[in-house]
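Colleague: Predicted structure and sequence below. I'll ask about it afterward.
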Amino acid sequence: QVRLVESGGGLVQAGGSLRLSCAASGDIFSKYTVGWVRQAPGKEREFVAAITRFGARISYVDSVKGRFTVSRDNSKNTVYLQMNSLKPEDTANYYCAADLYGSIATTALEYEYWGQGTQVTVSS
């Protein structure tokens, strides 16, 4: 099974940018649709973005469209989330998640494998 490790989180001022990375190991990476899901304190997990196995389909939650970009490099077993124009409401723990042979997955429940998360904090 695949193992996922996120990196790239941190503290940034509103309007700033961060790039999250999700490094995968343990299985053929191109077998998995990969998504980003975030969870803020006291709130449920929220789907953010997803990319299918070879990048043919991409989906975003409405609140990040035009600001976030998801991409993947299967040769490096890595998925990226470029986050621009960050807002305080983007503050959350961001998780990378994978769905084996899945089509585009836009809810947290559809993902079978999860990383440990990376914290993103946006100050106003």
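Modeller: That came in fine, so what should we check first?

Colleague: if I pick the residue nearest to the spatial centre of the chain, what's in contact with it?
Modeller: Closest residue to the average C-alpha location of the chain: W36 at 2.3 Å, with Cα atoms, centre = their mean. W36 makes contacts with 20, 22, 48-50, 70, 79, 81, 94-97, as judged by Cβ atoms under 8 Å, 6 or more residues apart in numbering. Where you see a C-beta, it was placed from the backbone N, CA and C, and this is true even at glycine.

Colleague: Of those, which is the most crowded?
Modeller: Tallying neighbours with other Cβ atoms under 10 Å puts V79 at the head of these, with 29 neighbours.

Colleague: Can you tell me how far the residue nearest to the centre of the chain is from S124?
Modeller: Going from W36 to S124 by Cβ to Cβ, to the nearest Å gives 23 Å.

Colleague: Which secondary structure element is home to the residue nearest to the residue nearest to the centre of the chain when sequence neighbours are not counted?
Modeller: Counting by Cβ to Cβ, 6 or more residues apart in numbering, the nearest residue to W36 once its immediate chain neighbours are dropped is V48, at 4.3 Å. Per DSSP states H and E, V48 falls inside strand 46-51.

Colleague: Which residue ranges of the protein form strands?
Modeller: Taking DSSP state E, the strands of the chain run over residues 3-7, 10-13, 18-25, 32-39, 46-51, 58-60, 68-73, 78-83, 92-100, 113-114, 118-123.

Colleague: Who are the contact partners of the closest residue to F47 other than its chain neighbours?
Modeller: Spatial nearest neighbour of F47, chain neighbours left out: T106 (5.2 Å); criterion: Cβ to Cβ, 6+ apart. Neighbour list for T106: 35, 47, 50, 59, 61 [criterion: Cβ under 8 Å, 6+ apart].
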